[in-house]
Structures are given as C-alpha cells and as structure tokens.
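*Asks:* this one's structure only:
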Ligand SMILES: *Cc1c(COP(=O)(O)O)cnc(C)c1O
C-alpha cells in the first residue's frame with residue numbers, strides 16, 4: 001500500500017493522478033493548470049523548447065484546439081489565440097511595427113482599433129494614414145517608403161461597404177507591404193482572406209466564433225514565418241485566452257458552420273423583407289442587388305454576405321427608442337455575432353467621439369439601425385421587426 005501522509009499533506013496530493021484511466025474523453029477536459037510537471041532538468045529543457053506543455057501563458061491544450069480549428073478554417077499555417085479581439089489586434093500591431101514605420105489603415109474599421117493606433121501607436125513614433133479602402137487610387141497615393149502594413153476589414157460597419165481584398169493584397173505585394181485583415185464580420189464561411197492574398201487574418205472570437213455572447217477572445221492566423229515573429233511577443237505581452245474560455249470557444253466552433261450559415265441566410269431574407277416596408281428609406285446589405293458593391297461582394301464573399309445589415313428610417317431619436325421598446329424578441333446591446341438577433345444604434349455608440357456633423361458624414365444618422373442577425377425562425381424575426389417598425393408609419 002502507498003504511504004499515507006498526515007491530513008495537510010494528503011489533501012494536497014491525493015486524487016490528482018488518474019493515470020491512463022481518464023484517457024480519451026469524448027470532449028477534451030479544461031486544462032485549468034498554470035503549469036505542467038517536468039521530470040528532471042533534461043525534461044525541463046525539452047518542455048521549455050516547446051516539446052510539451054509547460055506554462056499556461058506560453059501554451060495550453062484548449063487554446064491549441066481553438067488554434068487548430070481556426071488555422072484549418074482560414075487555410076493558414078498556425079494561429080495564436082488571444083484574450084480578446086483587441087488583444088489580437090494590438091499584439092499584431094505591436095509585434096510588427098517599430099518607431100518610424102508607417103501603416104495605412106482603412107478608415108472604416110473598428111473604433112477601438114482606431115483609438116489604440118491614434119493614441120498609443122502614435123506615441124511610439126509609428127506614423128499612420130486613414131484612407132478609404134474602397135478607393136484603390138487613394139491607397140496607392142498614400143503609400144510611403146516606410147509603409148509596412150495595409151490594415152482593413154472586409155465589410156465596413158455600419159454601412160456595409162465592401163473592399164476589394166484581392167486588388168489591395170496585390171498592391172501590397174507590389175510594394176513589399178503586409179496585408180492585415182480583421183475578418184470578424186465576415187467569418188471564414190464567407191471569405192478566407194489568406195487565400196485572396198492577405199498575410200494575416202484576425203478575428204474577435206467574442207462574435208461569431210463564440211456565437212453565444214458568453215466569451216471574449218481573439219485570434220491571429222498567418223503562415224509559420226509570421227506567426228514565429230509574433231509568438232514570442234504575444235507571450236511577453238501576456239494576452240493569452242484563459243483555458244475556460246478556450247474550451248467554450250472550441251465547443252462553439254463545432255456548431256459554427258450550422259449557426260453562421262443559418263444567420264447568413266436569415267440576414268439575406270430579412271434584408272429583402274425590410275426593403276419592402278414603406279417606412280424604411282434604405283437597407284444596407286452586400287447581398288442586395290441594390291448594394292453599390294454587390295458584384296464585388298458576390299465575387300469575393302462566396303455568395304455569403306454576412307449576417308450584419310443596417311437600415312435607415314426617419315431621423316427621430318424618440319421614435320427610435322419607441323421602436324426598441326416595441327421589439328419583443330430582438331434586444332439592443334453592445335456586441336454582435338450572437339445566435340440571437342440584436343440591434344445597435346451607431347449614432348449613440350459614437351455620440352461621445354464625434355460631432356453630429358461628423359456622424360452624419362459617416363452615414364450614422366439618428367435613423368440608422370444596425371442588425372446582427374441571429375438564427376431564429378425567419379418568419380418570427382420579420383414579424384417582430386415589422387410590428388415594431390409601425391412606430392415610423
Ligand atoms: C468586436 C470587434 C473587435 C474587438 O474584439 P473584442 O473581442 O471586443 O476585443 C475588433 N474588430 C471587430 C470588427 C469587432 O467587431
């Protein structure tokens with residue numbers, strides 16, 4: 001029989017080793033451990049050089065599971081799984097840029113990506129320009145000798161402008177510039193940016209990958225050479241996703257194809273239904289033939305135009321609030337990509353950062369409402385919007 005120790009000792013060591021009896025569970029366990037036991041100094045060297053798991057911030061099986069799935073979906077060579085979308089974005093920018101470099105941003109990108117760049121990167125001596133990425137000539141004329149990165153999203157929020165990624169990536173290659181794409185809105189089920197010439201693809205896993213509005217995470221996918229440059233910096237910055245969230249992310253990814261395809265299909269039907277309503281002035285959705293870049297979207301988005309759309313009604317804030325109160329299923333909240341349909345109000349989201357005039361210049365009128373389409377029955381969804389929109393009659 002094994003030696004039995006005193007209570008204090010026994011409680012620390014008993015029941016922690018299941019040997020081979022717990023091998024091959026149908027679902028991987030959550031590796032809630034900060035470190036892994038090494039056998040001796042030789043084994044330490046082996047582990048510390050990436051031979052096996054060693055320290056959670058460096059590597060964790062749950063994060064690696066998510067990384068494998070995303071690498072596969074994006075047709076990359078490797079991925080890094082971060083604690084948020086912003087962690088992924090800041091890790092990429094801080095890893096690849098240095099003082100004196102220039103970065104060319106699409107001006108239609110996530111608000112906090114603009115903020116971290118304008119507030120932090122500028123202080124680090126990084127130069128930047130924000131241009132309209134739907135205008136190839138504008139990109140061309142803003143390339144400088146020290147331009148290192150083109151940074152863009154595919155479908156812009158909230159007016160759903162689409163950029164021609166193939167042409168942008170081509171231009172980048174001609175100029176020895178890396179193309180970084182935040183593909184959160186599109187997901188790999190609509191577009192795989194690396195196959196169209198991009199070098200790095202980023203996702204906020206908080207959105208479609210998580211899909212249930214219950215985890216925060218981000219991913220970076222690229223070829224091995226680029227990942228090997230970013231990986232040590234990711235470790236030093238310390239923005240790893242925790243094992244619990246990674247486990248939930250991996251579980252969510254198993255149903256992602258079903259969820260997201262249902263959401264895409266609902267969005268297309270909802271956009272068409274909204275277009276028929278007399279109180280609606282405009283519907284913004286790349287899947288509509290009336291969308292200015294419908295042909296481009298058709299070509300690069302694989303016939304899947306995403307689940308994000310916007311529409312414009314009368315510019316009356318009180319009526320917009322009343323419309324929100326009248327919605328029975330659909331909720332108003334500050335995220336997107338969940339399995340339940342949600343709405344956002346861009347003018348309110350950016351009211352503190354911009355003047356009324358600036359907001360209107362960007363198309364963010366009081367009457368602009370953004371929808372993140374979920375996977376409800378489409379008839380229920382159309383009915384909910386239709387009855388609530390009666391406010392604008
Ligand atoms: C939400 C979002 C982010 C930021 O992701 P977090 O997980 O909230 O940090 C970045 N880009 C886009 C397009 C997003 O929608």
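*Replies:* That came through fine. Since this is a predicted model, take the numbers as computed values, not measurements.
*Asks:* what about the nearest residue to residue 109 once chain neighbours are set aside, neighbour count?
*Replies:* Here the nearest residue to residue 109 in space, its sequence neighbours aside, is residue 153; by CB to CB, 6 or more residues apart in numbering that works out to 5.3 Å. To be clear about C-beta, it is placed using only N, CA and C from the backbone, and glycine gets the same treatment. Counted with other CB atoms under 10 Å, residues neighbouring residue 153 total 23.
*Asks:* got it, and residue 272?
*Replies:* A total of 15 residues lie near residue 272 under the criterion other CB under 10 Å.
*Asks:* How about residue 135?
*Replies:* Around residue 135 sit 12 other residues, with neighbours defined as other CB under 10 Å.
*Asks:* ok, now which ones touch the residue nearest to residue 109?
*Replies:* If a contact means CB atoms under 8 Å, 6 or more residues apart in numbering, then residue 153 has 106, 108-110, 163, 181-185 as its contacts.
*Asks:* Those: which ones sit near the ligand?
*Replies:* 110, 182, 184-185 (CB under 6 Å from any ligand atom).
*Asks:* The stretch 201-350 of the chain against the ligand: which residues are in contact?
*Replies:* Among all residues of the stretch 201-350 of the chain, those adjacent to the ligand (criterion: CB under 6 Å from any ligand atom) are 204, 206-207, 216, 218.
*Asks:* can you rerun that using 8 Å?
*Replies:* Proximity of the stretch 201-350 of the chain to the ligand, by CB under 8 Å from any ligand atom, involves residues 202, 204-207, 216-218, 335-337.
*Asks:* so which of these is the most crowded?
*Replies:* Of these, residue 205 is surrounded by the most neighbours, 30 neighbours in total, counting by other CB under 10 Å.
*Asks:* Report the separation between it and residue 340.
*Replies:* Using CB to CB, to the nearest Å, we find residue 205 at a distance of 18 Å from residue 340.
*Asks:* what comes up buried for stretch 182-197?
*Replies:* Judged by neighbour count (16 or more other CB atoms under 10 Å), stretch 182-197 contains these buried residues: 182-194, 196-197.
*Asks:* Just the closest of these to residue 61, please.
*Replies:* Each of these was checked against residue 61 using CB to CB; the closest is residue 188, at 22.3 Å.
*Asks:* burial of the closest residue to the closest one other than its chain neighbours, as a residue count?
*Replies:* What sits nearest to residue 188 in space, not counting adjacent residues and going by CB to CB, 6+ apart, is residue 73, at 4.0 Å. Residue neighbour count, defined by other CB under 10 Å, stands at 21 for residue 73.
*Asks:* So residue 73 lies in a helix, does it not?
*Replies:* Yes: counting by DSSP: H, G, I helix; E, B strand; the rest coil, residue 73 is located in a helix.
*Asks:* Return the distance of it relative to residue 46.
*Replies:* Going from residue 73 to residue 46 by CB to CB gives 31 Å.
*Asks:* residues contacting the closest residue to the ligand within the stretch 151-300 of the chain?
*Replies:* Scanning the stretch 151-300 of the chain for proximity to the ligand using CB to the nearest ligand atom identifies residue 204 as nearest, at 3.1 Å. Under the criterion of CB under 8 Å, 6+ apart, the contact partners of residue 204 comprise 84-86, 88, 182, 184, 217-218, 337.
*Asks:* Phi and psi next, for it.
*Replies:* Residue 204 adopts backbone torsions of phi -90, psi 110, taken as degrees, to the nearest 10.
*Asks:* Any idea what it is bridged to?
*Replies:* In this structure, residue 204 has beta-bridge partners residue 218, where bridges are defined by DSSP bridges.
*Asks:* can I assume residue 181 is in contact with residue 163?
*Replies:* No: in terms of CB atoms under 8 Å, residue 181 does not count as a neighbour of residue 163; the distance is 9.1 Å.
*Asks:* any common contacting residues for these two?
*Replies:* Between them, residue 181 and residue 163 share the neighbouring residues 152-154, with contact defined by CB under 8 Å, 6+ apart.
*Asks:* of the residues you listed, list those near the ligand.
*Replies:* Those of the shared contacts of residue 181 and residue 163 which are also neighbours of the ligand are residue 153, as judged by CB under 8 Å from any ligand atom.
*Asks:* ok so, going back, show me which of the contacts of residue 153 is closest to residue 360.
*Replies:* Using CB to CB, the shortest approach to residue 360 within the contacts of residue 153 belongs to residue 108, at 15.5 Å.
*Asks:* so who does that closest one touch?
*Replies:* By CB under 8 Å, 6+ apart, the residues touching residue 108 are 132-133, 153, 156-157, 159, 161.
*Asks:* Would you verify that it is located in a strand?
*Replies:* No: Residue 108: not assigned to a strand; according to three-state DSSP it is coil.
*Asks:* Backbone dihedrals for residue 148, please?
*Replies:* Its backbone dihedrals place residue 148 at phi -110, psi -30, with angles given as degrees, to the nearest 10.
*Asks:* What is the neighbour count of the closest residue to it other than its chain neighbours?
*Replies:* Across the structure, with CB to CB, 6+ apart as the measure, the residue nearest residue 148 apart from its sequence neighbours is residue 101 (4.6 Å). The burial metric for residue 101, expressed as a neighbour count using other CB under 10 Å, is 18.
*Asks:* I figured residue 101 hits residue 127, correct?
*Replies:* Yes: under the criterion of CB under 8 Å, residue 101 makes contact with residue 127 at 7.0 Å.
*Asks:* Pull up the overlap in contacts between the two.
*Replies:* residue 146.
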